[in-house]
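Colleague: What would the 3D arrangement of this be:
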Amino acid sequence: MMFRIDNEKFGVFVSRLRKERGMTQKELADRLFISDKAVSKWERGLSLPDISLLQPLADILSVSVTELLSGEYIRDEPDAQETEQLVQSVVVQLTKQEEETQRQNRRRWGRIYAVCLLCEMAETLLFWRLLFDPAVVFMVLPPFLAAVFGIHFCFLATEKLPTFYDQYRIDFYSEGAFRMNVPGVRFNNSNWPHILHALRIWCAVTMALWIPAYAVLHGIALILAPVEYTEYAAPFIQLFLFFPAFFGGLFGPVYVVGRKYE
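Modeller: Residues are numbered from 1 along each chain as shown. Here you go, the predicted model:
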């Protein structure tokens, strides 16, 4: 028979134990290398801890894992076999919960990705001939890169980083062939969900809106360039506008949310 955790009972028990030990939610979160928002969600019965946090959480609150999962003190502690069965059933439950959450996120972002990709293709066909010039690469390159990155962030990227990201100050994210480094940001499971969300939004917005935005940049370039040098000056002006618009839009939000939730 599989044991199921009562989220509400679990949350009330954790809150009670935390207060008995005179800890705030932030103090408990800091000892577990997570955000205080995660602790708040546990105590409100909205979510459960990651499997890897069960033993550290139980140790901090001075209870056994069995008591923690049961949401109450147990006078007669079960034998080792019963405890192992209990933990294994909960591991299965939490693993399924995490996998289902990840599947839902990927399905949702998969739909968003498909819509944005269709927009990108339609806009490319529409504007290609209208805006063809020596700097046309700046029209098609950003949405192309966003489409490539979007495959990773929307379909392949992990929703949760390995635990060593929480234990050490790691300033890069690496998964498979993909690697990202943002100076000043330490990647961990407190800020990674927010960083991943920001990256997914960047991919979607760039795929869907960059080409119309480029049309505006193209118009500005033609206005700013002297008439007699329009053919030569416009590409340089577009290049000047391209880098802050593209890279600032990518790394700016990642840096902000990464630092905020670090």
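Colleague: what element comes up after the helix or strand residue 174 falls within heading to the C-terminus?
Modeller: For residue 174, the enclosing helix or strand under DSSP states H and E is strand 172-175. Next helix or strand after strand 172-175 toward the C-terminus (DSSP H and E): strand 178-181.
Colleague: Give me the packing partners of that next one, helices and strands only.
Modeller: If you count contacts as 3 or more Cβ pairs under 8 Å, 6 or more residues apart in numbering; DSSP states H and E, strand 178-181 packs onto strand 172-175. From N, CA and C alone the C-beta is placed, and that goes for glycine too.
Colleague: I'd like the average pLDDT over the strand it packs on.
Modeller: Average pLDDT, strand 172-175: 85.
Colleague: other SSEs contacting that strand?
Modeller: Judged by 3+ Cβ pairs under 8 Å, 6+ apart, the packing partners of strand 172-175 are strand 178-181.
Colleague: Could you give me the buried positions within the strand it packs on?
Modeller: By neighbour count on 16 or more other Cβ atoms under 10 Å, the buried set for strand 178-181 is residue 180.
Colleague: Equivalent analysis for stretch 34-52, please.
Modeller: Within stretch 34-52, the residues scored as buried using 16+ other Cβ under 10 Å are 34-35, 38-43, 45, 48-51.
Colleague: and it, how far apart are its ends?
Modeller: End-to-end span of stretch 34-52 (Cα to Cα, to the nearest Å): 12 Å.
Colleague: before we move on, back to that, give me the distance from the strand holding residue 174 to the chain's centre.
Modeller: Here the centre of strand 172-175 is set off from its chain's centre by 13 Å, with Cα atoms, centre = their mean, to the nearest Å.
Colleague: tell me which residues in that strand are buried?
Modeller: So strand 172-175, judged by 16+ other Cβ under 10 Å, has buried residues residue 173.
Colleague: Domain boundaries for this protein, per the record?
Modeller: 7-77, 99-260 (automatic domain parsing).
Colleague: worst average pLDDT in the ones you listed?
Modeller: Looking at the domains of the chain, the bottom one is domain 99-260 with a mean of 81.
Colleague: sec struct for residue 34, please.
Modeller: Recorded secondary structure, residue 34: coil (DSSP: H, G, I helix; E, B strand; the rest coil).
Colleague: Please determine how far the closest residue to it other than its chain neighbours is located from residue 114.
Modeller: Leaving aside its sequence neighbours, residue 34 sits nearest to residue 190 (Cβ to Cβ, 6 or more residues apart in numbering; 5.8 Å). In this view, residue 190 and residue 114 are 31 Å apart by Cβ to Cβ, to the nearest Å.
Colleague: buried set for stretch 201-213?
Modeller: 202, 203, 204, 206, 207, 208, 210, 211, 213.
Colleague: Quick check: the residue nearest to the fourth one when sequence neighbours are not counted vs residue 42, distance?
Modeller: The reference is to residue 206. Computed as Cβ to Cβ, 6+ apart, the closest residue to residue 206 that is not its neighbour in sequence is residue 146, at 3.7 Å. Distance, residue 146 to residue 42, using Cβ to Cβ: 36 Å.
Colleague: go on, residue 50?
Modeller: Distance, residue 50 to residue 42, using Cβ to Cβ: 11 Å.
Colleague: What segments of the stretch 101-250 of the chain are helices?
Modeller: Secondary structure of the stretch 101-250 of the chain (DSSP state H, counting those that start in this stretch): helices located at 137-151, 164-167, 192-224, 230-260.
Colleague: Dump those to TSV, plus distance to residue 72.
Modeller: Formatted as TSV, the helices of the stretch 101-250 of the chain follow (distance: least, Cβ to Cβ, whole Å):
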stretch	distance to residue 72
helix 137-151	46
helix 164-167	29
helix 192-224	31
helix 230-260	37
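Colleague: out of those helices, which comes closest to residue 176?
Modeller: Counting by Cβ to Cβ, residue 176 lies closest to helix 137-151 out of the helices of the stretch 101-250 of the chain; the figure is 11.5 Å.
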